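Trainee: here is my input, please return the structure:
(2 chains, ligands or ions: 2)
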Amino acid sequence: MTQAINHLEMAGITKRFPGVLANDDVTIEVQAGEVLALLGENGAGKTTLMNVLYGLYQPDSGEIRINKKPVHITSPRQAIELGIGMVHQHFMLVPTLTVAENVALGLVTSAPVLDLKVVSKKITEISSSYGLAVNPEAYVWQLSVGEQQRVEIVKAIFLGASLLVLDEPTAVLTPQEAAELLNLLKRMAEQGRPIVFISHKLNEVMAVSQRVTVLRDGRVVASVKTEDTSAQELARLMVGREMTPRRREGEARPGRTVLELRNVQAANDKGSLALRGISLEVRASEVLGIAGVSGNGQRELAEAISGLRKVTDGQVFIGEREVTNRTPDKMIASGLGYIPEDRLHVGTISSFAVWENLVLKDHHRRPYARSIFLQNGPIRSATASLVGSYGVKTPTLDTPTGRLSGGNIQRLILAREISRSPSVLLAAYPSRGLDVGATEYVHTKLLEARKTGTGVLLISEDLEEILNLSDRVAVLYEGKIMKTLPVSEANERILGLLMAGVA
Amino acid sequence: MEHIIQQGLLVGVLATGVRLATPFLLAALGEMFAQRSGVFNLGIEGIMMMGAFFGFLVTFFTGNPYFGLGSSLIVGFLMGLLMALVSVTLKAEQGISGIGLYMFGWGLSGLLFRLYVGGITSIPGLGPLHLPVLSDIPHIGSILFNHNWIVYLAYLLVPVAWFVLFKTPWGLRVRAVGTTPEAADTLGVSVNAVRYQALIVGGVLAGLAGAYLTIGQANMYADNITAGRGFIAVALVYFGRWNPWGILAGSLLFSMADSFQLWVQVMGITFPYELAVVLPYVTTILALAVSVGRVWTPAALGRPFDRGSRG
Ligand SMILES: Nc1ncnc2c1ncn2[C@@H]1O[C@H](COP(=O)(O)OP(=O)(O)OP(=O)(O)O)[C@@H](O)[C@H]1O
Ligand SMILES: [Mg+2]
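Mentor: Numbering: from 1, shown residues only, chains lettered A, B, ... in the order given. Ligands and ions are numbered 1, 2, ... in the order given. Here you go, the predicted model:
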């Protein structure tokens, strides 16, 4: 390992992007043996700050000091040499390479020939001493997100990281995996590493950190000791107002059936059966929650309904119409709205401008188009009002969507899908990676859709979300619906048992 | 009697085929590195023309084919560098800059040829390398071991390219920046530097492929001597699925079909000339079409790297 980092300070960091002040005079500090949590709404500037630390971006002003000495970090190579390791918000792994090859990529060697045996051996050592099970010979594309995360951590340690930054590491993990990761972070801090931990989940922050720095709109609004604060106070600091969880109101008055699945079967990417005969029904003005640990057929279910995956047996109906194996545009025309799990790649075209993504599904219809021409005036005014009413934070309507923060991309998709007033709205993990404020907002919007007669199919791992929003809950386990029950008969314990396959 | 002619024809077809594969192998192996690193270089044909021409020109003036060969390599290096400058640093659309490179090579070599040479002139070339024992084996000797050394080098480069791509740190970097440049970047790998290197390797090999046509095969220069071989080489990279062994198979398939149609014409066998000429192309297209299965392509192929852009 390079020299150990006992103290890191980022002082007065300012970073500007075209039209956005992402970091405005930000100062943070972390010491060996301590977990610093960075909190902030989507787009508050957390990732940007960490990218500055890692040498991916150059700050416009400010200074980084390691062990009280100023350092100039101009490239990731230098950050690695200084002992900084980072697990990025979007994993930085090459899927077509093996785990060992991914690690070896970061080594500086003058050796003309790769020695993967030595690399594999060291990976195995690290993985056993930290309890991070990884197989060095496996290809990354074969790994689950949880495994990929372990690879990222092993990679950082392998390359000599003394300080570890983890950018929303738990957003994609199952609750069990997240708990394991938090334990590991605590142990690593106890061994004398400084750790920077970013998360939107306040209970995790309370459990693992010693200190919390809260960012809002690129500025530090508070730096507090964890023991002197509470989850409620942190939420208030982050959003700037009190938070109340949203719940469905009023008795369900379900109307006609808007979505029906009869004995649907579908295969996963590897070709084995992922949906083994799913039957369900969503009525107008109700929310049907699909609870379950992800990986039990959720992705295949959402894709089968939206026309992205082939249904091998069974039938799908939207309203009265059978739409089994129709193309996605037929599904859209029949009244389906879709908030996909992978927002960056499936829900939007990241190089397209905000306005383009907003009209993507209706660009060929009036008033946005007349004969073969797009109508700029109506498009501009309609998209500007959507951006306003859904609170999408973007410098301009012409900004490429990929430049928005995760939470704002989600708002954009919501604006497009809900404003089309679909008869069925399929929402897959709609609050994953969102801050508490944005989550509250998404919930409000989903419930509004329910009120105006939309049938909502909500796929989620978050039991609180399921219990707060759904009228009925179905539990998905190994490609089958274990049970469907009214929410009045469900609680976390019952759902937990069903999710584990215990009837 | 008939039997002997048939046997002679077979040996002839095979021996010519082995030789004809040389420029395809060299150019396609080079292009493979460029594409593996994420850059699609459609200008290979132009580099080959320049390599062919300068190899010829310098040999013509100095009388020494090795000087000619050296200048082909230098020209290939410079053309690769030019492509890198335009497509990596300036981030120009790769398909367009490749066509630009082709037109540049085509125009410049044609112009210089008319200015300094003018007509068909022959030059000293590289003769076949006689290998003790091996060259004297009946049939096998004339098929495999009666060529000049660039031919042997091209075949030797197949396992070498495989080794470099899959067993060296540089090959690992090439594969990474062509698939997930963002990930390579966070590990301190300079994406653009690796792409420059891969394009230069591709340029040098294309220059050598061009030199082979003038110094190693024809011993002269004629307008459009490369005759689309650079474009075929690009297709062979796809055919070979970005793998040296696949490229070897594709090059041999194409060159054997080509050799067969040449011999058919030489032997005066009655067969429509036009059909014979398209035979290698049709064979390759058919083979490409029937070799089904999920096609893997370098995921970042054609996409310039920009750290600030997400997703
Ligand atoms: N490369 C870039 N070009 C332009 N703007 C950018 C770029 N990266 C980030 N931004 C902008 O900077 C601001 C801060 O973004 P950042 O990704 O740091 O937020 P974050 O706090 O990590 O949010 P999240 O919780 O959603 O991950 C956002 O407004 C974002 O749109
Ligand atoms: Mg972030």
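
Trainee: measure stretch B:267-274 end to end?
Mentor: Terminal residues of stretch B:267-274 are spaced 16 Å apart (Cα to Cα, to the nearest Å).

Trainee: which positions in stretch A:29-36 come out as buried?
Mentor: Across stretch A:29-36, burial judged by 16 or more other Cβ atoms under 10 Å in any protein chain shown covers A:29-30, A:32, A:34-36. (Each C-beta comes from the backbone N, C-alpha and C, glycine too.)

Trainee: and residue A:166, how many residues sit next to it?
Mentor: For residue A:166, the neighbour count with other Cβ atoms under 10 Å in any protein chain shown is 25.

Trainee: so which of the buried residues of stretch A:29-36 belong to strands?
Mentor: A:29-30, A:35-36 (DSSP state E).

Trainee: in terms of helices and strands, where is residue B:204?
Mentor: In the assignment (DSSP states H and E), residue B:204 maps to helix B:191-211.

Trainee: an error on my part: the question was meant for residue A:172.
Mentor: Residue A:172 belongs to no helix or strand, assigned by DSSP H and E.

Trainee: please report phi then psi for it.
Mentor: phi -110, psi 10 (degrees, to the nearest 10).

Trainee: and for it, the neighbour number?
Mentor: Neighbours around residue A:172, by other Cβ under 10 Å: 21.

Trainee: without its sequence neighbours, what residue ends up closest to it?
Mentor: Excluding its sequence neighbours, the residue lying closest to residue A:172 (Cβ to Cβ, 6 or more residues apart in numbering or on different chains) is residue A:145, at 4.6 Å.

Trainee: from ligand 2, how far out is the one you found?
Mentor: Using Cβ to the ion, to the nearest Å, we find residue A:145 at a distance of 16 Å from ligand 2.

Trainee: show the model's pLDDT score for that residue.
Mentor: The model reports residue A:145 with a pLDDT of 78.

Trainee: how about residue B:6?
Mentor: Model confidence at residue B:6 (pLDDT) stands at 67.

Trainee: also the one 3 residues further on?
Mentor: Listed pLDDT for residue B:9 reads 78.

Trainee: helix, strand or coil for the nearest residue to it once chain neighbours are set aside?
Mentor: Sequence neighbours aside, residue B:263 is the residue nearest to residue B:9 in space, at 6.2 Å (criterion: Cβ to Cβ, 6+ apart). Following DSSP: H, G, I helix; E, B strand; the rest coil, we place residue B:263 in the helix state.

Trainee: give the contact list for residue B:263.
Mentor: By Cβ atoms under 8 Å, 6 or more residues apart in numbering or on different chains, the residues touching residue B:263 are B:9, B:12-13, B:16.

Trainee: ligand 1: which of those residues is nearest?
Mentor: Checking those against ligand 1 with Cβ to the nearest ligand atom, the nearest one is residue B:16 at 55.9 Å.

Trainee: mind checking how far residue A:151 is from residue A:180?
Mentor: Distance of residue A:151 to residue A:180, given as Cβ to Cβ, to the nearest Å: 15 Å.

Trainee: what of residue A:349?
Mentor: For residue A:349 relative to residue A:180 (Cβ to Cβ), the value is 36 Å.

Trainee: all helices of the stretch 401-503 of chain A, in order?
Mentor: A:406-419, A:436-451, A:463-469, A:492-499 (DSSP state H, counting those that start in this stretch).
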